[in-house]
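*Asks:* need a structure here:
(6 chains)
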4 protein chains.
Amino acid sequence: MTDDTAVEKKSIRADALRNEDALLEAAKEIFATSGVDAPVREIAARAGVGVGTLYRRFPKRSDLVVGVYKREVDACVKAAADFTGQYGPGDALTHWLKRYCQFIVTKKGLAAALYSGDPAFDALPAYFRANFEPTLQSLLQSAARAGEIRGDIDAFDLLRAIGNLASVGGTEGAEHTHRMLELMIDGLRFGAAKP
Amino acid sequence: MTDDTAVEKKSIRADALRNEDALLEAAKEIFATSGVDAPVREIAARAGVGVGTLYRRFPKRSDLVVGVYKREVDACVKAAADFTGQYGPGDALTHWLKRYCQFIVTKKGLAAALYSGDPAFDALPAYFRANFEPTLQSLLQSAARAGEIRGDIDAFDLLRAIGNLASVGGTEGAEHTHRMLELMIDGLRFGAAKP
Amino acid sequence: MTDDTAVEKKSIRADALRNEDALLEAAKEIFATSGVDAPVREIAARAGVGVGTLYRRFPKRSDLVVGVYKREVDACVKAAADFTGQYGPGDALTHWLKRYCQFIVTKKGLAAALYSGDPAFDALPAYFRANFEPTLQSLLQSAARAGEIRGDIDAFDLLRAIGNLASVGGTEGAEHTHRMLELMIDGLRFGAAKP
Amino acid sequence: MTDDTAVEKKSIRADALRNEDALLEAAKEIFATSGVDAPVREIAARAGVGVGTLYRRFPKRSDLVVGVYKREVDACVKAAADFTGQYGPGDALTHWLKRYCQFIVTKKGLAAALYSGDPAFDALPAYFRANFEPTLQSLLQSAARAGEIRGDIDAFDLLRAIGNLASVGGTEGAEHTHRMLELMIDGLRFGAAKP
DNA sequence: AATGAATGAGTATTCATTCAT
DNA sequence: GATGAATGAATACTCATTCAT
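*Replies:* Next up, the predicted model:
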């Protein structure tokens, strides 16, 4: 679909992008495994690049954290479109809320850095809201129009509520979160147009 | 009553205890300020002792974390007796639940270490339950007997619920936690024997 | 013999020369600003070329140092002809000696490298003498013949003497050097044929 | 000569001082051999201590440079007293001026750092003058009173003049410096009270 | 030929831990 | 027992050099 010329001209850039993505993926995994203070070298190694490359693209550790965070937001937002294509409005909403819970777990891993007061992270809350609010708003509207849930739910309120729920840590936290999410979804269904 | 030798020995022990306590207090503060990975030297310095002394009493960092955790549990449990002496059963309960929320915040600071998988922390959940459950049970019973709250509340359930609530972080988290706690206490009052 | 291809080849060579010159100029400036150990990248950047190009022409740092040194010698020698064309023999000499002092300052910047024992620099003293001695010799002779200075001055001696004088560093060094140079030039005039 | 108690109390400090001195001596040598930018590790290794120890006493490289500089000034000043004790006024002066030339060579090695604009070095010129001027003044006066040299020499002028002379680098610089120093000392003798 | 992305060796620096005093 | 000086392993970061495009 892409013509040869374009490919040729952007070949270096394509490599660079591949590296950048590999680094973010590696960072996400390492951050999850060993925390946000994990050795830079480990991340570079897992991404299969030299430390120099890592430093070229992410000069500060916070650049890496921000990168991982935004990438996760983007991935989660993108999932909404996938679900919308695959399922009916109600199920799409349900699936996406579960997916969003997964994102929250990632956020928890980065929390230490996020709340460190480093101004590098100042823009992230806005990024969160700017991306998630419209996404959930849209899912809610579709489901409400389809009569599957009630229509008086504020998207941001719901994002925060579930965010708080899913923030509860610990081994058994996951199950707990799941139960609470189910409950909450039932709550959304309660009072739907279509009984 | 005690002979000189004993006094001497005890006085040394008293010094040691003072050091130990100073170290735990210092560690609590430093952990809160700079996280659980803060330089050992800072803790020793704030406690006014040398690092060698710190290492003598707390050879591993986890010993320090465990020490701080248990100390906070103990302090919180002890507060229950104080409140019981000062207030009526209902108010004692209310005050203590707020005090317990403060403890949860401490726990949050140590969470990174606690959930690190280090077996050194394996015993802490049991310590938590063994100390807090009877404490709250007793407060609940007194308040229920006094007809100030309903009597069908399970202490451990309540500990977990409030624990989760208070775990929500962020600047506005504190207010949120407070509102939710008030609500929950109202819930306890609902259906009390004494209307 | 010069077909299109040749022309093309020459045009490329001209580009190459332009690059080479740009690199030497950049290196001179960077060496002066940040010392001989300045990052290679800075030099390439200031020259407006990639580091690869720099390495193609100057594989070792010493090549760059030698290049800058010789380029400065050449420029200084060339200035003699300009002065000879513009001024009378005495003034030409005076102007050139001042110009030579400027060169010494450059040399001072490179001194760290020059006296590092690297055999790459072994040929430079000879280059210095082979170029400067005849130049000054010629200027001296002209001035002596014109009766403006005495005729018993050895060019190399004078080069060394002024070199030493101008080597004195520091902020006030420049003024000091200038005063001493004036003095020395007066010395040259003393005992001239034409009183 | 020092009583036991004092020794005992200061035993740690004595070790520390030994280390400090070893580090300064090592730094002096390494600076001379490999320049002021030599690896910190080399200096620590030559001093026979760990890098941590070096960093404890000299957190910044400039601290080390300042330390070496002052130590050399002190040693040179101290030599004056030795010479005064050993020789007559004239010879003491001569010996000290040669010793001072050695110091200048050290200074030359540190020059790159000294003139780097780092404010850490701002105090050094004053230290230089405050220590050397009285020292030489005293030597000059003694020699003048003894009638061995003339009495109208300004100490600071002489310090600068010899400093400049001895600053001339290169392999043959040393001989040149020596010849010039001899000449200058002869100059001092010229016009002495005692002919 | 030119470019600059990638690499990783070299260095600085910090901090947990030991141990002589 | 207490102390804090010394140690050096762990880690961050820079920059010379190579090489695919």
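
*Asks:* neighbours around the residue lying closest to residue A:86 once chain neighbours are set aside, how many?
*Replies:* Of all residues not flanking residue A:86 in the chain, residue A:92 sits nearest, at 7.4 Å (C-beta to C-beta, 6 or more residues apart in numbering or on different chains). From N, CA and C alone the C-beta is placed, and that goes for glycine too. The number of residues packed around residue A:92, counting by other C-beta atoms under 10 Å in any protein chain shown, is 24.

*Asks:* let me see the ranges of the helices in chain A.
*Replies:* Listed from the start of the chain, chain A has helices (DSSP state H) covering A:4-9, A:11-34, A:40-47, A:51-57, A:61-86, A:89-114, A:124-145, A:155-166, A:173-189.

*Asks:* a markdown table for the ones you listed, including mean pLDDT?
*Replies:* Output for the helices of chain A, formatted as a markdown table (pLDDT from 0 to 100):
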| stretch | mean pLDDT |
| --- | --- |
| helix A:4-9 | 38 |
| helix A:11-34 | 83 |
| helix A:40-47 | 93 |
| helix A:51-57 | 93 |
| helix A:61-86 | 96 |
| helix A:89-114 | 89 |
| helix A:124-145 | 96 |
| helix A:155-166 | 83 |
| helix A:173-189 | 79 |
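
*Asks:* export those helices as CSV, with columns for distance to residue C:153.
*Replies:* Written out in CSV, the entries for the helices of chain A read as follows (distance: least, C-beta to C-beta, whole Å):
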stretch, distance to residue C:153
helix A:4-9, 65
helix A:11-34, 62
helix A:40-47, 64
helix A:51-57, 57
helix A:61-86, 65
helix A:89-114, 72
helix A:124-145, 75
helix A:155-166, 88
helix A:173-189, 92
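
*Asks:* domain map for chain A?
*Replies:* Listed domain ranges for chain A are A:1-59, A:61-195 (source: automatic domain parsing).

*Asks:* quick one, which of these is packed in tightest?
*Replies:* Counting by mean count of other C-beta atoms under 10 Å in any protein chain shown, domain A:61-195 has the highest mean neighbour count of the domains of chain A, with a mean of 17.

*Asks:* does that domain reach DNA strand F?
*Replies:* Yes - figure legend: domain A:61-195 in contact with DNA strand F (C-beta under 7 Å from any atom of the strand); contacting residues residue A:61.

*Asks:* quick check: closest non-adjacent residue to residue A:158.
*Replies:* Beyond its immediate neighbours in the sequence, the residue positioned closest to residue A:158 (C-beta to C-beta, 6+ apart) is residue A:136, lying 6.4 Å away.

*Asks:* distance of the one you found relative to residue A:188?
*Replies:* Look at residue A:136 and residue A:188: by C-beta to C-beta, to the nearest Å, they are 11 Å apart.

*Asks:* I'd say the residue nearest to residue A:158 and residue A:155 touch.
*Replies:* Yes - with contact defined as C-beta atoms under 8 Å, residue A:136 and residue A:155 form a contacting pair (4.2 Å).

*Asks:* list the contacts of the nearest residue to residue A:138 once chain neighbours are set aside.
*Replies:* The shortest distance from residue A:138 to any residue other than its chain neighbours is 7.5 Å, reached at residue A:80 (C-beta to C-beta, 6+ apart). If a contact means C-beta atoms under 8 Å, 6 or more residues apart in numbering or on different chains, then residue A:80 has A:92, A:96, A:135-136, A:138-139 as its contacts.

*Asks:* repeat the analysis, applying 10 Å as the threshold.
*Replies:* Taking C-beta atoms under 10 Å, 6 or more residues apart in numbering or on different chains as the contact definition, residue A:80 lies against A:92-93, A:95-96, A:99-100, A:131-132, A:134-136, A:138-139.

*Asks:* one more: residue A:92?
*Replies:* Residue A:92 neighbours (C-beta under 10 Å, 6+ apart): A:79-86, A:138-139, A:142-143, A:146, A:148.

*Asks:* got it, and residue A:49?
*Replies:* The contact partners of residue A:49, by C-beta under 10 Å, 6+ apart, come to A:18-20, A:22-23, A:26, A:43, A:56-57.

*Asks:* those also near DNA strand E: which ones?
*Replies:* Among the contacts of residue A:49, proximity to DNA strand E is found for A:19, A:56-57 (C-beta under 7 Å from any atom of the strand).

*Asks:* could you measure from whichever residue of chain A sits closest to DNA strand E over to residue A:157?
*Replies:* The nearest approach of chain A to DNA strand E comes at residue A:52, 2.0 Å away (C-beta to the nearest atom of the strand). Between residue A:52 and residue A:157 the distance, using C-beta to C-beta, works out to 46 Å.

*Asks:* picking up where we left off before, of the contacts of residue A:92, just say which sits nearest to residue D:63.
*Replies:* Compare each of those with residue D:63 using C-beta to C-beta and the shortest gap goes to residue A:79, at 55.8 Å.

*Asks:* now that closest one, nearest residue through space, not along the chain?
*Replies:* Take residue A:79 and drop its neighbours on the chain: the residue closest to it by C-beta to C-beta, 6+ apart is residue A:99, 4.9 Å away.

*Asks:* just checking, that neighbour touches residue A:82?
*Replies:* Yes - checked against C-beta atoms under 10 Å, the pair residue A:99 and residue A:82 is within contact range at 9.3 Å.

*Asks:* show me which of the ones next to DNA strand E among the contacts of residue A:49 is closest to residue A:109.
*Replies:* Taking C-beta to C-beta as the measure, residue A:109 lies nearest residue A:57 of those, at 20.8 Å.

*Asks:* and the closest one, what does it touch?
*Replies:* Remark: with contacts taken as C-beta under 10 Å, 6+ apart, residue A:57 is in contact with A:16, A:19-20, A:23-24, A:49, A:63-64, A:67.

*Asks:* got it, and residue A:188?
*Replies:* Each residue near residue A:188 by C-beta under 10 Å, 6+ apart is listed here: A:90, A:93-94, A:97, A:140, A:143-144, A:148-150, A:153, A:158.

*Asks:* adding distance to residue A:112, write the contacts of residue A:57 out as a markdown table.
*Replies:* Rendered in a markdown table, the data for these read as follows (distance: C-beta to C-beta, whole Å):
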| residue | distance to residue A:112 |
| --- | --- |
| A:16 | 29 |
| A:19 | 26 |
| A:20 | 24 |
| A:23 | 20 |
| A:24 | 18 |
| A:49 | 25 |
| A:63 | 16 |
| A:64 | 14 |
| A:67 | 17 |
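
*Asks:* quick one: the residue lying closest to residue A:185 once chain neighbours are set aside and DNA strand F, what's the gap?
*Replies:* Closest residue to residue A:185 apart from its sequence neighbours, by C-beta to C-beta, 6+ apart: residue A:94 at 5.7 Å. Taking C-beta to the nearest atom of the strand, to the nearest Å as the measure, residue A:94 falls 40 Å from DNA strand F.

*Asks:* isn't residue A:94 right next to residue A:162, touching?
*Replies:* No - at 12.0 Å, residue A:94 does not count as touching residue A:162 under the criterion of C-beta under 10 Å.

*Asks:* any shared contact partners between residue A:136 and residue A:188?
*Replies:* What both residue A:136 and residue A:188 touch, as defined by C-beta under 10 Å, 6+ apart, is the set A:93, A:97, A:153, A:158.

*Asks:* now the two most distant members of the residues you listed.
*Replies:* Between any two of the shared contacts of residue A:136 and residue A:188 (C-beta to C-beta), the greatest distance is 11.5 Å, for A:97 and A:153.

*Asks:* common neighbours of the two, please.
*Replies:* Counting by C-beta under 10 Å, 6+ apart, the residues touching both residue A:97 and residue A:153 are A:136, A:188.
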